Structure formats: C-alpha cells, structure tokens
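A.B. asks: predicted model and sequence below, questions to follow.
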Amino acid sequence: MNATTTICLDPKVKDMLTSLKHYPRESYSSVVKRLANMAIDEESLSNEAINGIEEALEDIKQGRLHTEEEILKEFDLS
C-alpha cells in the first residue's frame, strides 16, 4: 500500500535527488528508498573488528600515533 506525503525540500536537495535518479521518470520515492537502504548496514561488526577498534582507540588515548610523514619515511615511500 502506498501513502502520499507532502514534504518541503530545499531546492538544492531536490536537485540532488533528481541527479540520483537512474532514469528520468524514476520516482523520488524510489530514490529515497535506495538511499535509505544504502544507509542501513544490516551486518553487525565482528568481534575481531570491534576489538581492533577498541585497540586503536586505546592507542590514540595513550598517544601512540604516527604522522603520515613518519610512516612514509619509515617505509621509504616519501
């Protein structure tokens, strides 16, 4: 069942939605649905990924950081 809802959009947002259409007569509803589906990540992070993020955050808190310049120099990429 479809429902009709009127919303106010900034003209720039409407232009952005128009530019995201796959074909000229595609409905804005289809565009918004596609964007919403892209924004929802149904796969949760693995325990390994969560642990890696927690370790990285701890490194940041402890000041264990390297600049891009340091890394490039260390691996002779500069």
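C.D. replies: Looks like it came in fine. Everything numeric in this text was worked out from a predicted model, so none of it was measured.

A.B. asks: next, the contact list for I71, please.
C.D. replies: By Cβ atoms under 8 Å, 6 or more residues apart in numbering, I71 lies in contact with L77. In this view, the C-beta of every residue, glycine as well, is placed from N, C-alpha and C.

A.B. asks: show me how this structure divides into domains.
C.D. replies: 8-42, 45-78 (automatic domain parsing).

A.B. asks: could you dump these to JSON lines with mean pLDDT?
C.D. replies: Formatted as JSON lines, the domains of the chain follow (pLDDT from 0 to 100):
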{"stretch": "domain 8-42", "mean pLDDT": "94"}
{"stretch": "domain 45-78", "mean pLDDT": "92"}
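
A.B. asks: let's have the ones you listed in TSV, adding distance to M1.
C.D. replies: Below are the domains of the chain laid out as TSV (distance: least, Cβ to Cβ, whole Å):
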stretch	distance to M1
domain 8-42	13
domain 45-78	35
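
A.B. asks: closest to N2 out of those?
C.D. replies: Evaluated over the domains of the chain, closeness to N2 peaks at domain 8-42, with 7.9 Å, by Cβ to Cβ.

A.B. asks: secondary structure class for E26?
C.D. replies: Put simply, E26 is coil when judged by DSSP: H, G, I helix; E, B strand; the rest coil.

A.B. asks: and the longest helix seen in the chain, what does it pack against?
C.D. replies: Criterion DSSP state H: the longest helix present in the chain is helix 47-61. Applying 3 or more Cβ pairs under 8 Å, 6 or more residues apart in numbering; DSSP states H and E, one finds that helix 47-61 makes contact with no other helix or strand.

A.B. asks: mind saving the C-alpha coords of it as CSV?
C.D. replies: The C-alpha trace of helix 47-61 is given here as CSV (Å, rounded to 0.1, in the frame of the first residue of the first chain):
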residue,chain,number,x,y,z
ASN,A,47,34.2,-9.3,17.4
GLU,A,48,37.6,-9.1,15.7
ALA,A,49,36.6,-5.7,14.2
ILE,A,50,35.3,-4.4,17.5
ASN,A,51,38.5,-5.5,19.3
GLY,A,52,40.6,-3.8,16.6
ILE,A,53,38.6,-0.5,17.0
GLU,A,54,39.0,-0.7,20.8
GLU,A,55,42.7,-1.2,20.5
ALA,A,56,43.0,1.7,18.1
LEU,A,57,41.1,3.9,20.4
GLU,A,58,43.4,2.9,23.3
ASP,A,59,46.4,3.7,21.1
ILE,A,60,45.0,7.1,20.5
LYS,A,61,44.4,7.7,24.2
